[in-house]
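*Asks:* Let me see the structure of the following:
(chains A, B, C and D)
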Protein chains: 2
Amino acid sequence: MRRIAPDRDGLLAMIGEVFREHGYEGASLALIGAATGLGKGSLYHFFPGGKEEMGRAVIAHIDCWFEENVFAPLRDSTDPQVGIERMLAATDSYFRSGRRVCLIGAFALEEPRDLFADQIRDYFGRWVTHLADALARAGHQPGEASELAEEAVAAIQGALTLARAADDADVFARALRRVRVRLGLTAGG
Amino acid sequence: MRRIAPDRDGLLAMIGEVFREHGYEGASLALIGAATGLGKGSLYHFFPGGKEEMGRAVIAHIDCWFEENVFAPLRDSTDPQVGIERMLAATDSYFRSGRRVCLIGAFALEEPRDLFADQIRDYFGRWVTHLADALARAGHQPGEASELAEEAVAAIQGALTLARAADDADVFARALRRVRVRLGLTAGG
DNA sequence: GACTCATTGTACCGCTCGGTACAGTGTCGG
DNA sequence: CCGACACTGTACCGAGCGGTACAATGAGTC
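*Replies:* Okay, here's the model as predicted:
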């Protein structure tokens, strides 16, 4: 039988979903094994450090995705407005328009926050910084750009919480629309 | 020996802190017992339904505090602006200016979300509704008031996540200041 | 065919979990 | 003085936890 989890990328994605759905504490090795089709033997072969290493790897995997699809456009687009728009589109698709939760945000609130504190701080810090840079290049004063960036990222995180609480993805869609306006992407409507 | 946990209110506050610090899954009965000074016998005497009943009671306890200190001012102040200002002050003090996390927000993201879905939806729903009403009374169009209310509550929740992630309470202070401006409380500066 | 070595399944470890049972214990009203 | 009863400590339960040990397995290589 060919293995079900073909590569490390797919494996990390599956484990990530388990963490997302059950939280760090709630994601037992039995659940992870069931989701990946791998036994403990295999799991500990790939992640000798056990659950903590899995958590660290999953965060790094997500971080990497954001680096490529969210931060890079912000940094590299010649037109900062285009970069910001691409960031918002990637964000919307990643969170499945609010039907998916931010794993790193959840980790920031719950138990494993001390375990992964550095990675979590880094992730959000880079998001805010890169957005602030893009806003500055778009013409905002540096201080104003920082505030606006922080406001936008917080709005996204808060909307994910509210959307999950209300079980209503529209909450997230409305929030993204407001962020878009606030960051100056749709001048008049 | 007089008991350490004098009344149900104080007891729920202690248990709430354990949930806040360790999450629902992570808050073991051993931790709860240590925090309250109560053995399992006593805990199951007060909460025959076990951990789930504790969770439910803690949420209700927090909900009650918000009802009195956050929602009531929004609803009952003759001047809606005063009500909104009082809500923000209560919010700031409750979350200890960002050093404390929103337990119900954390529950919304993690495992017990299905268990407590109704209570969680209710809590955030009432917060948004009452704020929207106050904003409408302050002169906003109904639709605009709803959007603004949702934006404000999401901004607060997101700021709590970011503040915890960055381990920097200033993130929350800045967010509250922006919300204050956005809701029209400080006209010019 | 024999060696290598990444990969896997299985049995097992000690521990902690949430929860139960129950025999006290202290403090009441009568 | 006595029963009633709210409260508490302790011992215990089966289950599941994260983690370890190890013996297969099987494909690739010489």
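
*Asks:* Residues in contact with the helix or strand hosting A:Leu12: which ones?
*Replies:* Take DSSP states H and E as the rule and A:Leu12 turns out to sit in helix A:8-26. Helix A:8-26 is contacted by residues A:5, A:27-28, A:31-32, A:35-36, A:38, A:46, A:51, A:54-55, A:57-58, A:61-62, A:100-101, A:103, A:106-107, A:110-112, B:23, B:25-26, B:110-111 when judged by C-beta atoms under 8 Å, 6 or more residues apart in numbering or on different chains. Where you see a C-beta, it was placed from the backbone N, CA and C, and this is true even at glycine.

*Asks:* Same check on stretch A:173-181?
*Replies:* Residues from elsewhere that reach stretch A:173-181 (C-beta under 8 Å, 6+ apart): A:85, A:88, A:91-92, A:97-98, A:152, A:155-156, A:158-159, A:162-163, A:186, A:189, B:147, B:150-151, B:154.

*Asks:* In that stretch, which residues are buried?
*Replies:* A:Arg174, A:Ala175, A:Leu176, A:Arg178, A:Val179, A:Arg180 (16 or more other C-beta atoms under 10 Å in any protein chain shown).

*Asks:* what about dumping the CA coordinates of it to CSV?
*Replies:* Presented in CSV, the C-alpha positions along stretch A:173-181 are these (Å, rounded to 0.1, in the frame of the first residue of the first chain):
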residue,chain,number,x,y,z
ALA,A,173,-16.7,38.9,5.1
ARG,A,174,-18.0,42.2,6.5
ALA,A,175,-14.8,42.7,8.5
LEU,A,176,-12.6,42.1,5.5
ARG,A,177,-14.7,44.6,3.5
ARG,A,178,-14.2,47.2,6.3
VAL,A,179,-10.5,46.6,6.4
ARG,A,180,-10.3,47.0,2.6
VAL,A,181,-12.0,50.4,2.9
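
*Asks:* model confidence over it, on average?
*Replies:* Averaging pLDDT along stretch A:173-181 yields 97.

*Asks:* tally of neighbours for the residue of chain A found nearest DNA strand D?
*Replies:* The minimum distance from chain A to DNA strand D, using C-beta to the nearest atom of the strand, falls at A:Gly50 (2.5 Å). Residues contacting A:Gly50 under the criterion other C-beta atoms under 10 Å in any protein chain shown number 12.

*Asks:* likewise A:Val171?
*Replies:* 24.

*Asks:* if we can go back for a sec, which of the contacts of stretch A:173-181 are buried? Put it as a ChimeraX command.
*Replies:* Provided next is the ChimeraX selection string for whichever of those are buried by 16+ other C-beta under 10 Å:
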select /A:85,88,91,92,98,152,155,156,158,159,162,163 /B:147,150,151,154
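
*Asks:* Fine by me, we can end here.
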